[in-house]
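what would the 3D arrangement of this be:
(chains A and B)
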2 protein chains.
Amino acid sequence: MRKIDPEKQEVRRRHILDAALSCFAHKGFHGTSTNEICAAAGMSPGNLFHYFPNKRALIAAIAGEDRRRMTVRFARLADEDDAIAAIEALATELLEQSADPVYARISAEIAAEAMSNSDVGSLFAENEALIKADLAALLERGIGRGQIDPAIQPELAATWLIALADGAVGRALMDSDFKASTHAPVLLRMVRRFLEPPAG
Amino acid sequence: MRKIDPEKQEVRRRHILDAALSCFAHKGFHGTSTNEICAAAGMSPGNLFHYFPNKRALIAAIAGEDRRRMTVRFARLADEDDAIAAIEALATELLEQSADPVYARISAEIAAEAMSNSDVGSLFAENEALIKADLAALLERGIGRGQIDPAIQPELAATWLIALADGAVGRALMDSDFKASTHAPVLLRMVRRFLEPPAG
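Residues are numbered from 1 along each chain as shown, chains lettered A, B, ... in the order given. Coordinates of the predicted model:
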């Protein structure tokens, strides 16, 4: 009987996922065949199917990864005393992620796929709802500490913060002048002024 | 010889474009065949080809329409004395447009198509550059009149205002709670606080 090494399995899973992400970014989700993913990952279809039985399993794994990455980010922010500084740190990190062309292209592919495929749509809508709840909790905490304007409604404010992060992805695709380093200060001004309590 | 009635032609062109937009919103740009557009528009392929020789011509027309709509909006704002009020009016209008599911779906389709097809990408990148220039001019005017914080760099601020508008499209697709009427006041707070000069 062959022994299964979970660590080795995870490395392989990760390797396939990276190959798939790169294919999707270049040729789109629909434009990529499983054979192309196999070629990019350097493995046989049988081997690939063992990890991901179909493209839907791959996109579910991408959604799961997105969610895990956000969970880690929010967990790290739990130690930050200043709620606005926490949100600024998050905004900076998301901006750097958006400016990565592979990430931006995958995001656009997913948005398009989410429309025509309600399974994919639900996966990413669930992610969005979780992120919104985490962000609203962070805003709530800041309001409780007097760091954030109590006139802010956490859920609604969270929605617009997500819109900003998502809008950055669009700029990375459509605007060749868009660079994380150049555009970060203006984003932070927007976030800070939006959230801080009225002066005086 | 048959007489060409330009008004009638324009009505037909508009009719085909609406049929194509509805098809693209439902089945995606790639998922829609010319036959389906013909069926939706109620005309023969020969007749359709007379107006739009291929799908690329249709998407070029969509980009042209987007641009014309924005030109009309900016022209209307030229009479507005208060630059922040002008940008708020624009933001409100764009938010209502984003909340329209057909518009949101088409936008996501175009973003995906812009990645894999550089012709489409260039068309919409040109639109974005023109909108950014118009918006930057509006911000510049507001700075000159003392209505907008002179610390703002018009081009960078314009980029983030576009990101907000574009991010609203994503929320319309991903967040079932997203409604223009509920979310407008928070957007306007964000815009106003971002732009106004420091108090005092």
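
for chain A, longest helix please?
The longest helix of chain A (DSSP state H) is helix A:118-144.

packing partners for whichever helix or strand comes after it?
For helix A:118-144, the succeeding helix or strand toward the C-terminus, using DSSP states H and E, is helix A:154-174. With contacts taken as 3 or more CB pairs under 8 Å, 6 or more residues apart in numbering or on different chains; DSSP states H and E, helix A:154-174 sits against helix A:83-98, helix A:101-116, helix A:118-144, helix A:180-195, helix B:101-116, helix B:118-144, helix B:154-174, helix B:180-195. Heads up, the C-betas are built off the backbone N, CA and C, glycines and all.

residues of the third one that come out buried?
Within helix A:118-144, the residues scored as buried using 16 or more other CB atoms under 10 Å in any protein chain shown are A:120-121, A:123-125, A:127-128, A:131-132, A:134-136, A:138-143.

A:Gly167: neighbour count?
Counted by other CB atoms under 10 Å in any protein chain shown, the residues lying close to A:Gly167 total 26.

wait, it touches B:Thr159, no?
No: at 9.2 Å, A:Gly167 and B:Thr159 do not qualify as touching, with contact defined as CB atoms under 8 Å.

tell me which element the residue nearest in space to the middle of chain A is part of?
Nearest to the mean C-alpha position of chain A, counting by CA atoms, centre = their mean, stands A:Asp66 at 4.7 Å. Using DSSP H and E, A:Asp66 sits within helix A:55-77.

chain center to that helix, what's the gap?
Its chain's C-alpha centre and that of helix A:55-77 lie 7 Å apart, by CA atoms, centre = their mean, to the nearest Å.

now do it against helix A:83-98, angle only.
150 degrees (axes from the mean of the first three to the mean of the last three CA atoms, to 10 degrees).

including mean pLDDT and distance to B:Leu77, could the helices and strands packed on helix A:154-174 go into TSV?
Listed next are the helices and strands packed on helix A:154-174 as TSV, based on pLDDT from 0 to 100; distance: least, CB to CB, whole Å:
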stretch	mean pLDDT	distance to B:Leu77
helix A:83-98	94	29
helix A:101-116	82	29
helix A:118-144	93	32
helix A:180-195	96	21
helix B:101-116	82	20
helix B:118-144	93	7
helix B:154-174	94	13
helix B:180-195	96	14
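
out of these, which gets nearest to A:Lys27?
With CB to CB, the closest approach to A:Lys27 among these belongs to helix B:101-116: 6.9 Å.

helices and strands around that closest one, which ones?
Helix B:101-116 packs on helix A:101-116, helix A:154-174, helix B:6-27, helix B:55-77, helix B:83-98, helix B:118-144, helix B:154-174, going by 3+ CB pairs under 8 Å, 6+ apart.

how far away is A:Arg13 from chain B?
Between A:Arg13 and chain B the distance is 26 Å, computed by CB to the nearest CB, to the nearest Å.

same check on A:His30?
Counting by CB to the nearest CB, the gap from A:His30 to chain B is 6 Å.

now that residue: phi and psi?
phi -70, psi -30 (degrees, to the nearest 10).

ok, it - contacts?
For A:His30, the contacting residues are A:113, B:30, by CB atoms under 8 Å, 6 or more residues apart in numbering or on different chains.

do you know how far it is from A:Asp100?
Plainly put, A:His30 is 22 Å away from A:Asp100 if you go by CB to CB, to the nearest Å.
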